[in-house]
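Colleague: fold the following.
(chains A and B)
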Amino acid sequence: MVATSNNISLQNYREVTPPGTIDLLYKLAERLKGRSILHVNSTKVGGGVAEMLHRFIPLFTEVGIKVSWQILQGSPLFYQTTKSFHNALQGQQQTVTPEMYEEYLKVNKKNSSEMSFDSDVVVIHDPQPAALIAKKQKKSKWLWRCHIDISKPQRKVWNFLREYIAGYDGAIFSLPSFAQKLSLPQFLVYPSIDPLSDKNRDLTGEEVRSVIEKYGIPADKPMILQVSRFDRFKDPVGVIEAYRMVKKYNDCCLVLAGGGATDDPESVLVLDAVKEASLRDKDIFILDLPPDSNIIINALQRAAKVVLQKSTREGFGLTVAEAMWKGKPVIGGAAGGIIVQIIYGETGFTVNSVEGCAYRIRYLLNNPEHFAQMGQKAKEYTRRNFLITRHLCDYLALMLKMLGI
Amino acid sequence: MYEFSFMGCIEIKELLGKKADDEMQLLEFIEEVPADSIYYHTHSCFLRHYYIAGTYTNDFANWVAIQVRDRVLGEKLASVTPSGNKNIDDVRFELIDIIDRHISSIETVPSVSYGQPFFFMQSEIIEIPTGITANNLAEFKNALEIVDASAIYNHIFEAKLRDNRGRSDFAIWIEEVLNMKELAEKIEVIDSYMYSLEGLRKRLLDICSGRI
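Modeller: Numbers count the residues shown, from 1 in each chain, chains lettered A, B, ... in the order given. Prediction:
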């Protein structure tokens, strides 16, 4: 059983959620009094799912739900296999050998004999523990929560997994396009950000200034920012091209902040390409940040004048909601969850080309009143739709539905 | 005399695994999907956009206008909103009729070239008591100012259509309990599809305060 520590109480969220939200959560949870939920995933630290569960678990407890969290324990071959599954489900060609399938099932079987599933609702996160379904007891309801984009999976791997998914009582996806042909109910639950985490909490002017000074970013020029891994689908080179088009008309600086270049060979290549594209421009700042740079990212998003997420392919793209929460309209590629978060002309602009991106940057730089209105709407839209309290609410509602209460 | 209990709501969204890439497929799926799906795509945007009214308050119209880039059909579909005694199946038939006539009048069926397909969904509403009640008009106004906006959605849209009460819960209570028929009528004739939930809250408060 995983222990979580989080000093933030649900009461603290009253200050940042719409009026009535927290009371509604308690009222909803009252109907689930005495019921229990178990979350199972494959890692305690690192990755968005573990981060989310660390913050989620105490909130379930606080509203009176018995909650537990267990971690699947695997072997090196198992993790190699599930990494291949992950890539294959996201559409990359992968070779998965019979030994790898065997190892996947062996690890799931071993874990299932060591874990207790004595909860009313069991939520299995992602493909790694999906085969635990073999231990499902009739009285409990099992949900498979898929956090990744499986809209175009490699068929062989998906067909293998689907046999296990078919045993669940329901599946949860982050976007409608991720849904599959399955004979079980498929629910839509958007991911969320935590407004009180280091990445999103309010910062003092001094905290923001110190980050800007630390990286030598000029405070007297409007900052264009993109926060994302150095991945070709985030199109960082396209961002630099758009910046150069803008620079002809508006003096500004560009910050590309990301990470992931240390252990991913492709990221290294992308980072090299970005560095090459930015040569000799003292107003381009490339920050290769370690994974725990939450306050730095928060400060950059608050200091930025225009925030971009110019992805050509995207999962959900929560960096959009993060920036919107800080009152910034976002210019994003029309991909994945970005189109759910950006309402064109209201909370930002979706764009389909470098030229379109440059045009909208120029527009936002030169229309401060509209910028402010859009920023306000972006914040309110995020408050209603993409905060952790709404996410918790969705889970409680699904518990009610699955248990027929 | 019964008090008015404000009930908020939460929406569970279910994916149907059906997607349309052109207007003909849209038509075919509108014919076969459950009524809850038609309801979701013509009403749920209010719960998504408390403060902002989108291009249209109808997902079909938005998709056709923005993703397919067929503004003519988009405008026609946007005009379909329930009124009077219309139920969800009436809305379905009207949508089918409009798309059918539109497709028949053009040579090529418009489809998505660069945009996203239309993904069919349906929803289920879970009611939650807010704990806020009213026994008279003054209390009703005070409650309206603070109640979660989902309660406004629930008592207007859900009550009229999915719960088949034909009128909003607000109008029913004001007429039956407060015996204020004229006020109930003013509330009933609000063109609620033209407001966001916060806009509706303001409109209701204006009417109850006699400002309108």
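
Colleague: any idea how far residue A:164 lies from residue B:147?
Modeller: Counting by C-beta to C-beta, to the nearest Å, the separation of residue A:164 from residue B:147 is 44 Å. Any C-beta I mention is one placed from the backbone N, CA and C, and that applies to glycine too.

Colleague: once you drop chain neighbours, what's closest to whatever residue of the stretch 51-200 of chain A ends up closest to chain B?
Modeller: Among residues of the stretch 51-200 of chain A, the one nearest chain B by C-beta to the nearest C-beta turns out to be residue A:176. It sits 3.5 Å away. Nearest residue to residue A:176, sequence neighbours excluded (C-beta to C-beta, 6 or more residues apart in numbering or on different chains): residue B:119, at 3.5 Å.

Colleague: pairing partners for the one you found in the sheet, please.
Modeller: Here residue B:119 sits in beta bridges with residue B:19, as judged by DSSP bridges.

Colleague: so what's it up against?
Modeller: A:176-177, A:179, B:15-16, B:18-19 (C-beta atoms under 8 Å, 6 or more residues apart in numbering or on different chains).

Colleague: ok, the residue nearest the centre of chain B - contacts?
Modeller: Geometric centre of chain B, nearest residue: residue B:43, 2.9 Å, by C-alpha atoms, centre = their mean. Contacts of residue B:43 were listed using C-beta under 8 Å, 6+ apart, and they are B:57, B:157, B:161.

Colleague: ditto for residue A:122
Modeller: By C-beta under 8 Å, 6+ apart, the neighbours of residue A:122 are A:37-38, A:40, A:136, A:140-143.

Colleague: quick one: it is in a helix?
Modeller: No - counting by DSSP: H, G, I helix; E, B strand; the rest coil, residue A:122 is not found in a helix; it is strand.

Colleague: so it versus residue A:139, what's the distance?
Modeller: 11 Å.

Colleague: in the chain, what spans have low per-residue confidence?
Modeller: All of this is about chain A. Low-confidence segments of chain A (pLDDT under 70): A:1-6, A:46, A:260-265.

Colleague: that's the other chain; I wanted chain B
Modeller: In chain B, residues with pLDDT under 70: B:1, B:50-54, B:84-85, B:211-212.

Colleague: can we see that at 90?
Modeller: Applying pLDDT under 90 to chain B picks out residues B:1-2, B:44-58, B:66-67, B:81-88, B:113-116, B:148-149, B:159-167, B:193-196, B:198, B:210-212.

Colleague: tell me which residue lies farthest from the centre of it.
Modeller: residue B:107 (32.8 Å).

Colleague: distance of that residue from chain A?
Modeller: To chain A, residue B:107 is 27 Å away according to C-beta to the nearest C-beta, to the nearest Å.

Colleague: which parts of stretch A:40-54 are buried?
Modeller: Going by neighbour count (16 or more other C-beta atoms under 10 Å in any protein chain shown), the buried part of stretch A:40-54 is A:40-43, A:47, A:49-50, A:52-54.

Colleague: ok, so of those, who is nearest residue A:365?
Modeller: When these are ranked by distance to residue A:365 (C-beta to C-beta), residue A:52 comes first, at 34.4 Å.
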